[in-house]
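**Q** Provided below for reference: sequence and predicted model.
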Amino acid sequence: MPRVPSMKFKSEMLQAYFVCGTQDIGDRDLPAILNEAIAAGITAFQYRDKGESKLNDEQRYQLGVILRDICNNAQISFIVDDDVDLANKLNADGVHVGQKDERITKVVRDANPDMMIGLSCQTIEQTEIANEIDRVDYIGAGPIFSTNSKPDAVAPMGLELMEDMVNISDVPIVAIGGIDNTNLQSLKNNGAVGAAFITLVTQTDDINRSVKNVLDVFK
Ligand SMILES: Cc1ncc(COP(=O)(O)OP(=O)(O)O)c(N)n1
Ligand SMILES: Cc1ncsc1CCOP(=O)(O)O
Ligand SMILES: [Mg+2]
């Protein structure tokens, strides 16, 4: 089967990809943080509300509407993590799933037809399987470095394995996990088209500077 990328997908949207949910920000306001990150130049946003989130399904949907509208107004891709039904209900631009989530073949079947699909991969074998699934638009590889934001993450995979994955992947790869100003250039040098991050935005006193550092490398 020929690859059928979503009309919405452009590799550039992966350059500075902010991922966040209420579990990442304590008592702070997610729409306000998202607005600041957009003003700084992020190229996509993933709504990943899970784990320690205190929201119920209805609250998660209501917050999703607000975040989606902010992204739509700013013409930033709005992607939902894990939950295809929520992504469909929010009319999201994309959905991102991992190896332990709903099977990718089911996600492909259930996602709205024009939705982008991102898949997490940590191995060469998973990347080869992703190559066979013609609706996968991009791969999220990670954690590349050690992360405090995902308690159930597998061990960091490092730059060499990421580069091996880049070399065999049919789709662009965005790096995730433990990304900060000190390691951005190494990700680019090893073939990632962009960086996805939580801490880089949520634990900085200068969101503008932190995002600009990403764009300086990947744009
Ligand atoms: C861009 C991007 N890459 C990887 C992930 C991780 O997805 P997954 O392995 O399903 O883990 P959770 O995020 O669901 O905890 C991601 N979310 N985004
Ligand atoms: C969702 C996810 N998937 C792999 S690592 C990770 C968390 C990334 O967060 P941080 O940028 O704070 O390391
Ligand atoms: Mg997941």
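**A** Received the coordinates, thanks. Numbers count the residues shown, from 1 in each chain. Ligands and ions are numbered 1, 2, ... in the order given.
**Q** pretty sure residue 187 is touching residue 193, no?
**A** No: with contact taken as C-beta atoms under 8 Å, residue 187 and residue 193 are classed as non-touching, separated by 9.4 Å. C-beta here means a position set from N, CA and C on the backbone, and glycine is covered the same way.
**Q** other SSEs contacting the worst-scoring helix or strand of the chain on mean pLDDT?
**A** Lowest by mean pLDDT, DSSP states H and E among the helices and strands of the chain is helix 104-110, with a mean of 94. Where contact means 3 or more C-beta pairs under 8 Å, 6 or more residues apart in numbering; DSSP states H and E, helix 104-110 is packed against helix 84-89, strand 94-97, strand 116-121.
**Q** number of nearby residues for residue 208?
**A** As a burial measure, residue 208 scores 13 neighbours (other C-beta atoms under 10 Å).
**Q** got the contact list for the closest residue to ligand 3 within the chain?
**A** When distances are taken as C-beta to the ion, the chain reaches nearest to ligand 3 at residue 98, 3.6 Å away. Counting by C-beta atoms under 8 Å, 6 or more residues apart in numbering, residue 98 touches 82, 119-120, 140.
**Q** Over to residue 177?
**A** Contacts of residue 177 (C-beta under 8 Å, 6+ apart): 142-147, 150, 153, 156.
**Q** Where does pLDDT dip in this protein?
**A** 1-2 (pLDDT under 70).
**Q** Try it again at 50.
**A** Counting by pLDDT under 50, not a single residue of the chain qualifies.
**Q** can you give me the strands in it?
**A** For the chain, the strands defined by DSSP state E occupy 16-20, 44-47, 77-81, 94-97, 116-121, 138-141, 173-176, 194-197.
**Q** Any chance of CSV for those strands, columns distance to ligand 1?
**A** Listed next are the strands of the chain as CSV, based on distance: least, C-beta to the nearest ligand atom, whole Å:
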stretch, distance to ligand 1
strand 16-20, 5
strand 44-47, 6
strand 77-81, 5
strand 94-97, 5
strand 116-121, 4
strand 138-141, 2
strand 173-176, 4
strand 194-197, 4
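**Q** in stretch 102-114, what's buried?
**A** For stretch 102-114, the neighbour count (16 or more other C-beta atoms under 10 Å) marks 102, 104, 107-108, 111 as buried.
**Q** End to end on that stretch, go ahead and measure it.
**A** 19 Å (C-alpha to C-alpha, to the nearest Å).
**Q** How about it and ligand 1, any contact?
**A** No: Stretch 102-114 lies out of reach of ligand 1 by C-beta under 6 Å from any ligand atom, never closer than 9.9 Å.
**Q** for stretch 123-135, same thing?
**A** No: Stretch 123-135 lies apart from ligand 1 when judged by C-beta under 6 Å from any ligand atom; the minimum separation is 10.4 Å.
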